[in-house]
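J.: With the sequence up front, the predicted model follows.
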Amino acid sequence: MKPGARNLITDIAGLKVGNAEDPVLKTGTTVLVGDAPFTASVAVMGGAPGTRETDLLAPDKTAPGADALVLSGGSAFGLAAAQGVMDALHSAGRGFPVMAARVPIVPAAIVFDLLNGGQMAWDQNPYPALGAAALANASRDFALGSAGGGTGAQTAMHKGGLGSASLVLDSGVTVGALVIANPLGSVTTPSGRHFWAAPFEVAGEFGGLGVDPVPQIVQPPSRRIPAMAQQGNTTIAIVATDAALDKGQCHRMAVAAHDGIGRAILPAHSPMDGDLVFAASTGATALNDPASDLTWIGHAAALGLSRAIARAIWEATPAPGDTLPTLKQDLGLV
């Protein structure tokens, strides 16, 4: 396995990602959209999720898939970003046909980023406009770190962010991950100088800091937990593939991908995290051996998600009013 040409989820043909953010509010939205509707499912393992239309993605539900997926800041306010995306897709003639009507299917998930130093006293919910802007910005190339839905993200010790990564399997199947890393837990070891995800790094993609030479089983330190223990947090992600998966197989890929959160963040899946993974399939490549292929696709999704989480924190940039430093600031690199 090796990363795709971009090392982004958009190494999967037919997928694009768009970001939109407000630096004053310290928040934003990220949208994944396909050239055509894609098969999708979801797995939730956190204790405090915030979602829209995820029930449609259960394998036993009749909705065939989705037109777009939204990852947004803003807590429950941010779910309105999906409305902006839905309206724009409808205007473009996209959507699930229901006789003479078309209804775009746009599931969404949110992170809590309302206590990060941003000026959140708005008169009108900004997220529908952010969602529409993110869709309009959709491209195969997009920014990581403090961009889109990762603009105001935080971790236990550092600023969080938006991350992505990809892997091309030996079979030729491509698997990618996209994540907003905003967990209660820490992405770095107690020294603060090494990523938990370090064993899975490829070609120095998140700094080449290496594995912590002094492994420890301890409660990781946190600058954030004392203030956030009664609030929301969350890591939300999309894993995608060009392999032809049905909704049940997409669900299994999403479940497997949660291992990537557990490997990259300690602690993960806490009662106050809304950890969620969407899974999407463009269906371009038929499976040769469904059981074996799905095993390796799930493995690649977990590896890609761990790497995407670390990339999100590595690419974060400082901004006025931040309440936490970036990792690069702590390392003296900026």
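T.: It's in.

J.: C-alpha from now on. contacts and neighbour counts both.
T.: Noted.

J.: Point out where the stretch 101-250 of the chain drops to low pLDDT.
T.: Within the stretch 101-250 of the chain, the stretches with pLDDT under 70 are 217-232.

J.: what's the residue lying closest to Val187 once chain neighbours are set aside in contact with, if anything?
T.: Among residues not flanking Val187 along the chain, Ile265 sits closest, at 4.7 Å (C-alpha to C-alpha, 6 or more residues apart in numbering). Taking C-alpha atoms under 8 Å, 6 or more residues apart in numbering as the contact definition, Ile265 lies against Pro183, Gly185, Ser186, Val187, Thr188, Trp196.

J.: Please convert the buried members of these into ChimeraX selection syntax.
T.: Buried members of those, defined by 16 or more other C-alpha atoms under 10 Å, are picked up in ChimeraX with:
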select :183,185,186,187,188,196
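
J.: Check the contacts of Ile265 and tell me the two furthest apart.
T.: Taking C-alpha to C-alpha as the measure, these reach their widest spread between Pro183 and Trp196, a distance of 13.6 Å.

J.: what pLDDT does Pro318 get?
T.: Pro318 is assigned 95 on the pLDDT scale.

J.: Could you give the backbone dihedrals for it?
T.: As for Pro318, its main-chain torsions (degrees, to the nearest 10) stand at phi -70, psi 150.

J.: Compute the distance between it and Thr189, please.
T.: 21 Å (C-alpha to C-alpha, to the nearest Å).

J.: Compare the two and say which one has the larger neighbour count.
T.: Thr189 (25 against 16; other C-alpha atoms under 10 Å).

J.: does the more buried one really touch Phe195, like I thought?
T.: Yes - under the contact definition of C-alpha atoms under 8 Å, Thr189 touches Phe195, with a separation of 6.1 Å.

J.: Next, show the common contact partners of those two.
T.: In contact with both Thr189 and Phe195: Asp212, using C-alpha under 8 Å, 6+ apart.

J.: next structured bit after the longest helix along the chain?
T.: Residue-count comparison of every helix in the chain, with assignments taken from DSSP state H, identifies helix 290-314 as the longest. Once the chain leaves helix 290-314, the next helix or strand it forms, by DSSP states H and E, is helix 327-330.

J.: Tell me who's in contact with Gly283.
T.: When contacts are counted by C-alpha under 8 Å, 6+ apart, Gly283 touches Phe38, Thr39, Thr241, Asp242, Ala243, Ala244, Leu245.

J.: right, and the secondary structure at the fourth one would be what?
T.: Judged by DSSP: H, G, I helix; E, B strand; the rest coil, the three-state class of Asp242 is strand.

J.: so what's it up against?
T.: Taking C-alpha under 8 Å, 6+ apart, we find Asp242 in contact with Ile12, Ala13, Val173, Thr174, Val175, Ser281, Thr282, Gly283, Ala284, Thr285.

J.: Pick the one among the residues you listed closest to Pro23.
T.: Set against Pro23, the nearest of these by C-alpha to C-alpha is Ile12 (29.7 Å).

J.: ok, and the closest non-adjacent residue to Met120?
T.: By the measure of C-alpha to C-alpha, 6+ apart, the closest residue to Met120 outside its immediate chain neighbours is Leu25, 5.4 Å from it.

J.: quick one: the one you found and Phe278, what's the gap?
T.: When C-alpha to C-alpha is the yardstick, Leu25 and Phe278 sit 26 Å from each other.

J.: Check Arg263 too.
T.: Looking at Arg263 against Phe278, where the rule is C-alpha to C-alpha, the gap reads 18 Å.

J.: cool, Ala76 as well?
T.: Counting by C-alpha to C-alpha, the gap from Ala76 to Phe278 is 18 Å.

J.: So which of these two has more stuff around it?
T.: A direct count of neighbours by other C-alpha under 10 Å for Ala76 and Phe278 places Phe278 higher, at 30 against 16.

J.: That one belongs to a helix, doesn't it?
T.: No - per three-state DSSP, Phe278 lies outside any helix segment and is strand.

J.: which residues touch it?
T.: Phe278 makes contact with Ala40, Ser41, Val42, Ala43, Ala237, Ile238, Val239, Ala254 under the criterion C-alpha under 8 Å, 6+ apart.
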